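K.L.:
Generate a structure from the sequence data that follows.
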Amino acid sequence: MLPDKMSLPDAFADALQQQLANWQKAGATARIWARDAGVWTGQGEARWLGWLDAVTRARQELDELQDFSAAVCADGIRHVVLLGMGGSSMAPEVFQAVFGNQPGFPELRVLDSTDPSQLVTMERAVELSRTLFVVSSKSGSSLEPNILKDYFYQRMREVVGDARAGRHFVAITDPGTSLERLAKAEGFRHVFHGEPAIGGRFSALSVFGLVAAALIGVDCAGLLERSARMVDACRAPDVQRNPGVQLGMVLGVGALQGRDKLTLVIDPPLASIGAWLEQLVAESTGKQGKGIIPVDGEPLYAPQQYGNDRLFVYLGLTQAPDPARERAVAALEAAGQPVLRLQIAELADLGQEFFRWEFATAVAGALLAENPFDQPDVEASKIAARQITAAADAGQALQEPAPLVRDGNLSLFADPANAQALGDGDVPTLLHRHLRRLVPGDYIAVLAYMERNDANTAALQQLRELLGQDGRFANCLGYGPRFLHSTGQAYKGGPNTGVFVQITCDHPVDPPVPGHGYTFSFVQSAQANGDFEVLAERRRRLLRVHLHGDSAAALARLVSLLSGPGVTRL
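P.N.:
Presented below is the predicted three-dimensional model:
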């Protein structure tokens, strides 16, 4: 572990030192390790602290993981497809992106979407007879992995036959769940049990992350040995020597001072950790009208473009420094913006960062007087979507509202309150009015219910930058339903400082969900509608843009409209 470096304005630095002194006086670090829920709200947090011991537990399970991985390789498996959402999918995706599959090991692909085009793209990318599906769900009842499993299990039966289909499936779930029962009934190859005391977003160093890591040949023993050093460092009672407390206090003090837009600057080899950090921080702190809004993937702008609502955290990789980012961060420091540099020696230290940020997020939650281990507003969106899919199983059609306006391949929708605020007008006018609702300290988020691929991401990145007006407003991008299990908590339960553009689209393909009376596009529409409904209930500033026909062409037109004069320079 390398020492961290801070460059903070005087008022920020003074507040930080006071909070560190308070933490030290209260003996709060030792109280966390003693499972004292009073560090937070005293409302049951103690039962969610199993992640503190995850590294120790994982080291005891290494033989099982390595033996399983060796057996899979011996069977000639070429692809592993993980079906999961949120905490079940984020860390595995980081392991694949950071380390890649080692020679002789299968490639990992993660499917955490109900988008029908993304489903079909995934199926075409693998050879089913040489693919292992990992169905990952802590509760065992999550909608997305269950219906994805139903689809691929049916396809596998068609390819290899009923008797062999189950051998191509593995479950990761807590003991006694419905998924475990189904896995045993259908002859899954293996069931890995999660630890009930570890919540999904704190599970990177448990089987929910490490099964995938082992399958692609990551040196899990080395990873955990290095991680254990960070665990020990986060036990230190001296706050000045505790990297988890230091980071958590910076995050919490920043939020209390109005610098609640946690802007992540990450060197390219580690870039994939940004989405994992978004989920961890946003879902843990974004509730009760307060919290931290992580900003990942935003380009770096000139220092004068930013307001006073930013906190910058730079994750720099010592073994592969990025001179351009280094210069940009130095310019932010020189301009007086608060910057925390976390120097990571090498990629093998990834597990250390997982634990450091988990501990820091728990600390920040304590400073904000929150329970960092629940996600009440995520549950609200799930309930709304389940009501729609249940109605479909009962034979009821999806009720779609009339658009405010349609112009060719673009339609705009709003709930009654937002429609009244926007008034009448054509598509460019209403888009312009929606952006004029932004005020200093706000952020704007693009919530895209469409296939997550390189082409769409490039266009959506361009869109978010236009909406964010060159850094004047923090700009975020999330793909639905993936973000619903992540930043969606903060968007609904956090501070009401977000302006949202939800994007939906037509689908050129639409496979049915086996055993149900609906298709995958229906599920995604239900999730978008549930998301829209809850955002509206929370009185968020919200506008939906639907892309008709060729979604790439419609999205390009939307970007073109927002590139016009007078729209983005308000």
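
K.L.:
Not counting residues beside it along the chain, what's closest to the spatially most central residue of the chain?
P.N.:
For the chain, the residue nearest the mean C-alpha position is residue 279 (3.7 Å; C-alpha atoms, centre = their mean). In space, and not counting its chain neighbours, residue 279 is closest to residue 486: 3.7 Å by C-beta to C-beta, 6 or more residues apart in numbering. Backbone N, C-alpha and C define where each C-beta goes, glycine included.

K.L.:
Next, count neighbours for that neighbour.
P.N.:
Using other C-beta atoms under 10 Å, residue 486 is surrounded by 31 other residues.

K.L.:
what's the answer for the one 5 residues further on, then?
P.N.:
Applying other C-beta under 10 Å, we find 30 residues neighbouring residue 491.

K.L.:
got a list of what it touches?
P.N.:
By C-beta atoms under 8 Å, 6 or more residues apart in numbering, the residues touching residue 491 are 282, 286, 445, 447, 498, 500, 535, 540.

K.L.:
The fifth one is in contact with residue 443, isn't it?
P.N.:
Yes: if you go by C-beta atoms under 8 Å, residue 498 and residue 443 touch, sitting 5.6 Å apart.

K.L.:
Need the overlap of contacts for these two.
P.N.:
Counting by C-beta under 8 Å, 6+ apart, the contacts common to residue 498 and residue 443 are residue 293.

K.L.:
Inside strands: which ones of the contacts of residue 491?
P.N.:
445, 447, 498, 500 (DSSP state E).

K.L.:
What is the nearest of these to residue 350?
P.N.:
residue 445 (27.2 Å; C-beta to C-beta).

K.L.:
And for the closest residue in space to that closest one that isn't next to it in sequence, the neighbour number?
P.N.:
In space, not counting the residues next to it along the chain, residue 445 is nearest to residue 476; the distance is 4.1 Å by C-beta to C-beta, 6+ apart. Other residues within reach of residue 476 by the criterion other C-beta under 10 Å amount to 28.

K.L.:
now residue 267
P.N.:
Around residue 267 there are 18 residues (other C-beta under 10 Å).

K.L.:
what's the weakest-modelled helix or strand in the protein?
P.N.:
Taking mean pLDDT, DSSP states H and E as the measure, the helix or strand of the chain with the lowest value is helix 376-393, at a mean of 75.

K.L.:
ok, which stretches of the stretch 51-200 of the chain are helices?
P.N.:
Applying DSSP state H, counting those that start in this stretch to the stretch 51-200 of the chain gives helices spanning 54-60, 62-74, 90-99, 116-125, 143-160, 162-165, 178-185.

K.L.:
Can you list the buried residues in the fifth one?
P.N.:
Translated: helix 143-160. Residues of helix 143-160 classed as buried: 143-157 (neighbour count, 16 or more other C-beta atoms under 10 Å).

K.L.:
from what I can see residue 239 touches residue 245, true?
P.N.:
Yes: in this structure, residue 239 is within contact of residue 245 by C-beta under 8 Å, at 5.0 Å.

K.L.:
Give the ranges of residues in the stretch 351-500 of the chain that sit below the confidence cut-off.
P.N.:
Scanning the stretch 351-500 of the chain for pLDDT under 70 picks out the ranges 381, 395.

K.L.:
can you give me the strands in it?
P.N.:
405-407, 410-413, 443-448, 474-479, 498-505 (DSSP state E, counting those that start in this stretch).

K.L.:
how far does the third one sit from the chain's center?
P.N.:
Distance of strand 443-448 from the chain centroid (C-alpha atoms, centre = their mean, to the nearest Å) equals 14 Å.

K.L.:
Report the angle between that strand and strand 498-505.
P.N.:
Taking axes from the mean of the first three to the mean of the last three C-alpha atoms, to 10 degrees, one finds strand 443-448 and strand 498-505 inclined to each other by 10 degrees.

K.L.:
For the contacts of residue 491, give me CSV that also has distance to residue 210.
P.N.:
What follows is the contacts of residue 491, written out as CSV (distance: C-beta to C-beta, whole Å):
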residue, distance to residue 210
282, 24
286, 27
445, 31
447, 31
498, 34
500, 35
535, 35
540, 37
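
K.L.:
if we can go back for a sec, do I have it right that the residue nearest to residue 445 meets residue 487?
P.N.:
Yes: judged on C-beta under 8 Å, residue 476 makes contact with residue 487 at a distance of 6.7 Å.

K.L.:
any residues in contact with both of those two?
P.N.:
What both residue 476 and residue 487 touch, as defined by C-beta under 8 Å, 6+ apart, is the set 293, 294, 445.

K.L.:
Of those - the most surrounded one?
P.N.:
Going by other C-beta under 10 Å, residue 294 tops the shared contacts of residue 476 and residue 487 with 28 neighbours.

K.L.:
and that one, that's in a strand?
P.N.:
Yes: inclusion of residue 294 in a strand is indicated when DSSP: H, G, I helix; E, B strand; the rest coil is applied.

K.L.:
Quick check: bridge partners of it?
P.N.:
For residue 294, the beta-bridge partners under DSSP bridges are residue 262.

K.L.:
hang on, residue 520 packs against residue 513?
P.N.:
Yes: here residue 520 reaches residue 513: they are 6.2 Å apart, a contact under C-beta under 8 Å.

K.L.:
so can I have CSV of the helices of the stretch 51-200 of the chain showing distance to residue 554 and mean pLDDT?
P.N.:
Putting these into CSV (distance: least, C-beta to C-beta, whole Å; pLDDT from 0 to 100) gives the following:
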stretch, distance to residue 554, mean pLDDT
helix 54-60, 44, 97
helix 62-74, 42, 97
helix 90-99, 28, 98
helix 116-125, 14, 98
helix 143-160, 25, 97
helix 162-165, 39, 97
helix 178-185, 38, 97
